[in-house]
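>>> Here is my input, please return the structure:
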Amino acid sequence: MSSFIRQQPALQELVVTTEKIFADDVFKDLFKWCPKITKFHCGEDCISNSVFADSEEPLDLTDLSVKGALDFNDDDLSPATSRSRNLTSLDITGCTNISNNGFRYISENCRSLRNLIFGSKFMDFTPLAIASDSLCVIAAGCQRMESLSVRQCSIDALGVIRIAQCCKNIKVIDFHFCPMITDTSLFAIADNCVQLVTASFTLGDGITIKGVIAPILSCPKLYRLRFGFCKNITYLPDNAEDLAQDEPKQRRDVILRYFEKVNNINRDGSNVNNSHLKILQLPCPNISTRTILQLAILCPDLERLDSGRFRLDINPREKEQLLSSCRLLSYKERLNTSSI
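Now for the predicted structure:
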């Protein structure tokens, strides 16, 4: 492989999944041999620690993935980002030796970054120590961010709030197994992320039905919304006072707005909601069928409603109301189904 790469000086994209045993020989001088590379993806533990550190010459790199490289740490990230000032996409999933200093290098050096993926590569019962401090650092320096994916980290509302406030163009948000995220995070997203297209939250124990409502009502470009295995997403009370009791004004206003829209729909069948949501996925173990249907009727453009492996028991009247509110919805005639 080494001799082959040496003969490719015009190479612009390289995606490698070979084992680390070959890495030091093959990639040590990679960017000397192929200075025009703009995309470099390497598989698990197949990157040489010296691939970025052997020179200070700027690189044309815009897309870097070192997913699963356990030895890739702050000392490697510093030259990688300082030499790649035009980096727009970075995947450091599974690089568990990167600390808050590493995120500071990203923030300082990658001002044009638009896509960032980080966190654990494997499902574990304990989130990584990467916390909101790291996300706040990213928010301060990478304000052009459009896509953020975080897996199994100790991120709380503070980090999400800073991302929402600073990264106004963000379109994709994915927090997988970040149990410290709460409704406050969802309200910040609803208030600030007007360009949001896709949002996904999995195993977020601090999220309730109030957090689900907020982006549906407030993000007009939202196309897909998913809450997976969030055990505290349960049911919607019948009136605003039961849901809004002792809530701060911001949350109260959203809750009252929700009930106002539902009452309008129930009274005259009109839906003046700005939501253009197409896909709503709620595979949550404790959510009621009634609540799923109440959320669905807020979304007149809905094409797919999914409760995962948890069954929906829909009676004929509920089915009629659902299909009259969501005329684009494809419905499987077989009742007690997990997908509509």
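>>> so which helix or strand takes in the residue lying closest to Asn109 once chain neighbours are set aside?
With C-beta to C-beta, 6 or more residues apart in numbering as the criterion, Asn109 has its nearest non-adjacent residue at 3.8 Å, and that residue is Thr81. To be clear about C-beta, it is placed using only N, CA and C from the backbone, and glycine gets the same treatment. Taking DSSP states H and E as the criterion, Thr81 maps to helix 74-82.
>>> Also Ser149?
Assigned by DSSP H and E, Ser149 belongs to strand 147-151.
>>> Confirm for me that Asp174 is in contact with Gly204.
No. With contacts counted by C-beta atoms under 8 Å, Asp174 stays clear of Gly204, the gap being 11.5 Å.
>>> Who has more neighbours out of those two?
More crowded of Asp174 and Gly204, by other C-beta atoms under 10 Å: Gly204, with 28 against 18.
>>> ok but that one is inside a strand, no?
No. Secondary structure assignment (DSSP: H, G, I helix; E, B strand; the rest coil) places Gly204 in coil, not in a strand.
>>> does it really touch Pro179, like I thought?
Yes. Using C-beta under 8 Å, Gly204 is in contact with Pro179, at 6.4 Å.
>>> still on that earlier bit, following the helix holding Thr81, which helix or strand comes up?
strand 89-91.
>>> Tell me how far that next one lies from the chain's centre.
Strand 89-91 has its C-alpha centroid displaced from the chain centroid by 14 Å (C-alpha atoms, centre = their mean, to the nearest Å).
>>> Tell me the strands beside that strand, with direction?
strand 63-65 (parallel), strand 115-119 (parallel) (DSSP bridges).
>>> Can you name every helix or strand that the helix or strand just after it contacts?
Note on strand 89-91: by DSSP H and E, the next helix or strand toward the C-terminus is helix 100-109. Helices and strands touching helix 100-109, by 3 or more C-beta pairs under 8 Å, 6 or more residues apart in numbering; DSSP states H and E, are helix 74-82, helix 132-141.
>>> Run a quick neighbour tally on His41.
His41: 17 surrounding residues under other C-beta under 10 Å.
>>> is it fair to say it lies in a strand?
Yes. Judged by three-state DSSP, His41 forms part of a strand.
>>> Assess the claim that it and Leu61 are in contact.
No. Counting by C-beta under 8 Å, His41 sits too far from Leu61 to count as a contact (11.0 Å).
>>> Look at Tyr258 and report its pLDDT.
If you check Tyr258, the pLDDT there is 72.
>>> ok so, going back, so can I have CSV of the strands paired with strand 89-91 showing mean pLDDT?
Converted to CSV, these look like this (pLDDT from 0 to 100):
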stretch, mean pLDDT
strand 63-65, 96
strand 115-119, 96
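>>> Now do Thr202 against Leu298, distance only.
With the distance defined as C-beta to C-beta, to the nearest Å, Thr202 ends up 22 Å from Leu298.
>>> And the closest residue to Ser107 other than its chain neighbours, how close does it get to Lys168?
Computed as C-beta to C-beta, 6+ apart, the closest residue to Ser107 that is not its neighbour in sequence is Gly141, at 3.0 Å. Distance of Gly141 to Lys168, given as C-beta to C-beta: 15 Å.
>>> So which of the two has more stuff around it?
Gly141 (19 against 13).
>>> which residues touch the more buried one?
Shown in contact with Gly141 (C-beta atoms under 8 Å, 6 or more residues apart in numbering): 106-108, 110-111.
>>> one step back: Phe227: which of the strands paired with strand 89-91 is closest?
For these, proximity to Phe227 was assessed by C-beta to C-beta; strand 115-119 is nearest, at 18.3 Å.
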